[in-house]
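Engineer: I'd like to go over a predicted model; first the sequence, then the structure.
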Amino acid sequence: MVKEAVDVHMESKNLVVRYGSRVGVGVGGGVNLPLYRHKVTALIGPSGCGKTTFLRALNRMHDLTPIARVEGEVLLDGENIYASGVDPVLVRRRVGMVFQKPTAFPTMSIYDNVAAGLKLVGIRDKRRLDEAVERALRGAALWDEVKDRLRTPASGLSGGQQQRLTIARALAVEPEVLLMDEPTASLDPISTQAIEDLLLSLKEQVTIVIVTHNMQQAARVSDYTAFFLNGEMVEFGPTETIFTRPKDLRTEAYITGRFG
Amino acid sequence: MKRLYTHFGDRIFATLLLLLALGVAALALLMAYELYRGGSLALQRFGLLGFALGREWDPVVQKTFGAWPYILGTLIVSFSALLLSFFPALAAAIFAAEYAPRWLAQVINFLLDLMAAVPSVVYGLWGIFVLAPWIRDKVQLPFYMWAAEQAPWLVPILGVPTGYGLMTAVLILASMIIPYTAALARDAIALVPKEHREAAYALGATRWEVMRLAILPLARGGIIAGTFLALARAVGETMAVTMVIGNSHKLPYTLFGGAATMPSVIANEFTEAVEDLHLSALIAVGFLLFLVSMAVNFTAAYVLRRQERLVKGVL
Ligand SMILES: Nc1ncnc2c1ncn2[C@@H]1O[C@H](COP(=O)(O)OP(=O)(O)O)[C@@H](O)[C@H]1O
Ligand SMILES: [Mg+2]
């Protein structure tokens, strides 16, 4: 394999997240994981192994969970997002997130959903909003399906469309990193396909971290894969290596379907 | 065999539930009918509209009965109390649900529950002995004196500063319904799925922006329904209001002066109503009150149902 020049966009250093006294992720010395710029990194592992916990540490979502404590560092372009004086609101504008359940704001129109983040950063100009909304919806491969009903409530969309709407909403603010927690878990195969296709085109602009239960999906969409087990980050490497020549026996057992 | 038996048991249980539910509905209808029958003498004499809109209530000399002063009093007192309590209640709910640290939220919730549990006669006593004299001396009298010199046109609007009247009743009632509105708003806010607030936070929203984007739009129906339930309570509240409102049905009502509501006139005059027509007129007031309460409750139920569907559609 040709070694390509890659640069680290985000990186966790000795990261441990605790819920009260119990470790959510970071067993065995904390997680050290690089996330390469404009690549897709997949986090895989059986449920309860700490994937979501790790992901939420990357944009300070644990700040919202009173019992969660984060130790170690998360560097974004070399700067620790947990350093004192860093505003989590600004971190989240640079590191967007898409959840497992579609979370379109149901009382808002499709347009307003996508514009919501832009309005938060103070963009009011109608022309700029229109352009950004269209760009984001095209980016999320939703534009053609909704362009004639932008002003109708988002609750009228199907689950798959709503999930792409939340992706568009996250993209509209032009984040550098997009975190996705099992974004296709509640979707039908066709919507899943649409979102997987989308990931491949999105990585030209953003660094993507995707949690998935589905190993085929990880193999299809990701450049790098990290395998988690019982709160420990067991192995990280190029996806191809992880799936064909894993170093750790536990990784091998998982990808060959012996547990999980 | 066992399955059949369970099935049979289910049916008995279902039938029993249905009967009980029908019983409750029948009771409500019976009550409405009895009120109507009891008030029919007055209603027939003056006509339903004539009775509801009549401005004269004179059981002694003219023996004529119009409920308008009481309806008006009820409307003014309830809606003013609702307006006055709405924002403090909403603020308390939002603060307890989203801003306060957990221990403080628990304290606030405990106090709200306590406020809701205090019997209304206690509010009334507090109104008579504490609030009314204080308002009279510290608010009404100074303001009245000032108005008399500086803005005499205000005097007829203010009325006599006795302390026992519209203003005190509104204040007491507002503090009585705050816990209702607040508790229901709090529940509506708590019902908003966690994913929605997190989605807003993940967009880089501040706490207030999360409120505005994700929480309030979904909780709105529940908050409105809570407001209607608070209104229903305000409309029917009897004891505390009767104790401080001054019980005067002389129109026009003034800010400081006495007033009367539908429940307060019933409570006040029931024991002294010896003549059939007078008694019947009081029962007819009860009938109107019943109708108003029903309307408010149905509206609340309707809004609540829509809200539930909205939140469920999301989940
Ligand atoms: N809010 C929470 N409070 C307490 N424990 C939690 C919380 N969220 C997750 N955990 C625990 O942390 C561990 C990792 O969970 P999670 O990160 O959700 O796993 P995954 O996403 O891989 O399924 C699990 O043992 C889970 O029970
Ligand atoms: Mg998870």
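Structural biologist: Nice, thanks for sending it over. Ligands and ions are numbered 1, 2, ... in the order given.
Engineer: which bits of chain B sit near ligand 1?
Structural biologist: Proximity of chain B to ligand 1, by CB under 6 Å from any ligand atom, involves no residues. C-beta: built from backbone N, CA, C; applies to glycine.
Engineer: element containing the residue most central in space within chain B, please.
Structural biologist: Geometric centre of chain B, nearest residue: residue B:234, 2.0 Å, by CA atoms, centre = their mean. Element membership for residue B:234, per DSSP states H and E: helix B:216-236.
Engineer: does chain A sit close to that helix?
Structural biologist: Yes: Helix B:216-236 is in contact with chain A by CB under 8 Å from any CB of the partner chain, via B:217, B:218, B:220.
Engineer: got the buried residues for that helix?
Structural biologist: Across helix B:216-236, burial judged by 16 or more other CB atoms under 10 Å in any protein chain shown covers B:216-236.
Engineer: same deal with stretch B:272-290?
Structural biologist: Applying a neighbour-count criterion of 16+ other CB under 10 Å, one finds B:273, B:277-290 buried in stretch B:272-290.
Engineer: how many neighbours does the residue nearest to residue B:203 when sequence neighbours are not counted have?
Structural biologist: Nearest non-adjacent residue to residue B:203, counting by CB to CB, 6 or more residues apart in numbering or on different chains: residue A:117, 4.3 Å away. Around residue A:117 there are 29 other residues, counting by other CB atoms under 10 Å in any protein chain shown.
Engineer: ok, now residue A:67?
Structural biologist: A count of nearby residues for residue A:67, using other CB under 10 Å, gives 11.
Engineer: same deal with the one 10 residues further on?
Structural biologist: Taking other CB under 10 Å as the criterion, the count of residues near residue A:77 is 13.
Engineer: quick one, grab the pLDDT at it.
Structural biologist: At residue A:77, the pLDDT value in this model is 93.
Engineer: what do you get for residue A:242?
Structural biologist: Residue A:242 carries a pLDDT value of 94.
Engineer: how about it, secondary structure?
Structural biologist: State at residue A:242, reduced to three classes by DSSP: H, G, I helix; E, B strand; the rest coil: helix.
Engineer: what sits against it?
Structural biologist: Going by CB atoms under 8 Å, 6 or more residues apart in numbering or on different chains, residue A:242 touches A:225, A:227, A:235, A:236, A:251, A:255.
Engineer: just the helices from the stretch 51-200 of chain A, written as ranges.
Structural biologist: Listed in chain order, the helices found in the stretch 51-200 of chain A under DSSP state H, counting those that start in this stretch are A:51-57, A:88-94, A:110-120, A:126-139, A:143-146, A:159-172, A:189-202.
Engineer: residues near the residue of chain B found nearest ligand 1, how many?
Structural biologist: Nearest residue of chain B to ligand 1 (CB to the nearest ligand atom) works out as residue B:194 at 9.7 Å. Residues lying near residue B:194 (other CB under 10 Å) number 11.
Engineer: where's it relative to residue B:210, distance?
Structural biologist: Look at residue B:194 and residue B:210: by CB to CB, to the nearest Å, they are 12 Å apart.
Engineer: swap in residue A:89?
Structural biologist: The value you get for residue A:89 to residue B:210, if CB to CB is used, is 10 Å.
Engineer: those two: which is more packed in?
Structural biologist: A direct count of neighbours by other CB under 10 Å for residue A:89 and residue B:210 places residue B:210 higher, at 20 against 17.
Engineer: residues in contact with the more buried one?
Structural biologist: Applying CB under 8 Å, 6+ apart, the residues near residue B:210 are B:98, B:197, B:200, B:201.
Engineer: re the thing from before, the residue lying closest to the residue nearest to the centre of chain B once chain neighbours are set aside - how many residues pack around it?
Structural biologist: In this structure, residue B:234 finds its nearest non-sequential neighbour in residue B:78, 4.0 Å apart by CB to CB, 6+ apart. Here the number of neighbours of residue B:78 (other CB under 10 Å) works out to 25.
Engineer: which residues sit in contact with residue B:78?
Structural biologist: Residue B:78 neighbours (CB under 8 Å, 6+ apart): B:173, B:231, B:234, B:235.
Engineer: closest to residue A:179 out of the residues you listed?
Structural biologist: Using CB to CB, residue B:231 comes nearest to residue A:179 of the contacts of residue B:78, at 45.0 Å.
Engineer: so how far is residue B:74 from that closest one?
Structural biologist: Using CB to CB, residue B:231 is found at 11 Å from residue B:74.
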